[in-house]
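Visitor: no sequence for this one, just the structure:
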């Protein structure tokens, strides 16, 4: 005990050991008798019969299976025996097919994991309000920014003012707003080589076409990508699967549409002169994270496995085959009435996005369905 600790200690205080011994065999709930699956099934059957279910399937828990996606059901209970050979099949974080994540558990020096990129969306047309909100977010834990530019959003010509106080070497920036927003950002960072990795110009002409019907043109993507290549870590294209999710697509349909768009962008970039590896390095994918945590987790994992297969067939090197994912809490799951319940839904969705292995996570404000959020 140090002199200062001796001075502040009270007579009668128990001596605190320097180190606490941790038991090697820590058995949780050891005081309870062991239960097997058969006992659990008996309890399930009893509860279902009390609810008026006289005829039950065999096994009884099949009555509690819930369909969550096209052709997929979730059981009410999973134990180690259900896993079978699954741990060996899903692989290792950071290694193909990237089902358990695109990144290894620790950084390159074997240190503490860097964690998820917490990205906050900003779209308020009042520049002063947006600057104040950005400063508050960055001071309170947000690690990157998602800026929406254009009509009824942040003015394109105000981008420099909005980012004037942001350290772009520390905070990545992702844009929505098409080619005008991309041009404004490229002009702003011209000559710089210190942009934080993870920034994106956010071009998605196919997504814009799907949501608005506006004509799309992919011929200029490669030219923009070559300009973006002057800034290591800056990507050009965001394949926005939330466009399809918001239109009513299931998770399966969202993945299918996103993969099709991703392949179309790869062809446009390689036709424009980029190598296969360069083209893969220009893409980021955005997916909706819903309140059904199992479907969200499975969807993100399936997306990485499928994209790895696309990369393998395209001849891409292992270094670029991992799909970079930005998960956004679902807009269609939120309610305008009694919006406080949205806090529960976005909490579950955020958890699922992290467990599912998303690189970047955006949690929308609980009252986003009512309009632009305030402080």
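Guide: Good, I have the coordinates. Note that the coordinates shown come from a computational prediction; the quantities given were computed from them, not determined experimentally.
Visitor: which residues of this protein score low on pLDDT?
Guide: Scanning the chain for pLDDT under 70 picks out the ranges 1-24, 69, 85-90, 105-114.
Visitor: what ranges do the helices span in it?
Guide: Taking DSSP state H, the helices of the chain run over residues 3-8, 37-50, 80-83, 86-90, 127-139, 159-162, 178-188, 205-212, 221-228, 242-246, 251-271, 276-280, 293-314, 341-355.
Visitor: and the ones you listed, which is most packed in?
Guide: Mean neighbour counts were compared across those using mean count of other C-beta atoms under 10 Å; the top stretch is helix 242-246, at a mean of 22. In this view, the C-beta of every residue, glycine as well, is placed from N, C-alpha and C.
Visitor: what's the spacing between that one and its chain's center?
Guide: From the chain centre to the centre of helix 242-246 is a distance of 15 Å (C-alpha atoms, centre = their mean, to the nearest Å).
Visitor: now do stretch 290-310
Guide: Centre-to-centre, stretch 290-310 and its host chain are 10 Å apart (C-alpha atoms, centre = their mean).
Visitor: Report the separation between residue 29 and residue 75.
Guide: 22 Å (C-beta to C-beta, to the nearest Å).
Visitor: So which of these two has more stuff around it?
Guide: Neighbour count, other C-beta atoms under 10 Å: between residue 29 and residue 75, residue 75 has more, with 13 against 8.
Visitor: quick one, what contacts the most centrally placed residue in the chain?
Guide: With distances taken as C-alpha atoms, centre = their mean, residue 327 lies nearest the centre of the chain, 2.8 Å away. Residue 327 makes contact with 286-289, 296, 300, 349, 353, 356, 358, 360-362 under the criterion C-beta atoms under 8 Å, 6 or more residues apart in numbering.
Visitor: Can you tell me which of the residues you listed is nearest residue 171?
Guide: Lowest distance from residue 171 to these (C-beta to C-beta) belongs to residue 360, with 12.4 Å.
Visitor: Residue 104: neighbour count?
Guide: Residue 104 has 14 neighbouring residues, counting by other C-beta under 10 Å.
Visitor: these two touch, right, it and residue 94?
Guide: Yes: counting by C-beta atoms under 8 Å, residue 104 does reach residue 94; the two are 3.4 Å apart.
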